[in-house]
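Peer 1: pasting the sequence and the predicted model now:
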Amino acid sequence: MEITPSGVLGMIHRLQLTPTAIAVLGIMSELQASGGAVNYTQVDMAERLGVLESAVSRGMKLLVARNLVIRSGDGRGHSYRLHPFIAKYSSEREMEAALRAAAVEVREGRMPDIAAPLYRKQPPRAGRPNLVAV
């Protein structure tokens, strides 16, 4: 049995992902090993999705910017893994240990937290609706 933490699902709308980024995240979720490692290239993912590699690259860039995907390596030799907060695990024990370790790494600045974009304009203050009579 595989399990995945579901906390990020509550904020997925705030991440402002493109349809291609969502498709890339979906295929990565499907292809990942336990713990989030994705041992496939962008070319492999493009073939599976039936899109151009450049589309996968643009989607991947957004996923990396939002810290949903952690990229390592240089040039064309990148390796990818899903952030521990969204990776799948082979057991509840493995997931709990990984989430605890990731929380410490995020708190200490050694790993980025998942990042939702900032508002372009300040959201309305509570209790002051932006309603206009017509």
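Peer 2: Nice, I can see it.
Peer 1: surely residue 63 is in contact with residue 24?
Peer 2: Yes - Residue 63 is within contact range of residue 24, at 6.3 Å (criterion: CB atoms under 8 Å). From N, CA and C alone the C-beta is placed, and that goes for glycine too.
Peer 1: neighbour count for these two, which is higher?
Peer 2: Set residue 63 next to residue 24 and count neighbours by other CB atoms under 10 Å: residue 24 wins out with 29 against 25.
Peer 1: quick check: the more buried one vs residue 72, distance?
Peer 2: Per CB to CB, to the nearest Å, residue 24 is found 17 Å from residue 72.
Peer 1: residue 61 too?
Peer 2: 15 Å.
Peer 1: between the two, point out the one with more neighbours.
Peer 2: Of the pair residue 61 and residue 72, residue 61 is the one with more neighbours under other CB under 10 Å, namely 14 against 9.
Peer 1: tell me the buried residues in the helix or strand hosting residue 45?
Peer 2: Per DSSP states H and E: residue 45 is located in helix 42-49. Neighbour-count burial for helix 42-49 flags 42, 45, 46, 49 (criterion: 16 or more other CB atoms under 10 Å).
Peer 1: looking at the last one now. What's its pLDDT?
Peer 2: At residue 49, the predicted lDDT confidence score is 96.
Peer 1: what sits against it?
Peer 2: Counting by CB atoms under 8 Å, 6 or more residues apart in numbering, residue 49 makes contact with 23, 24, 27, 55, 56.
Peer 1: 6 Å instead, please
Peer 2: 23, 27 (CB atoms under 6 Å, 6 or more residues apart in numbering).
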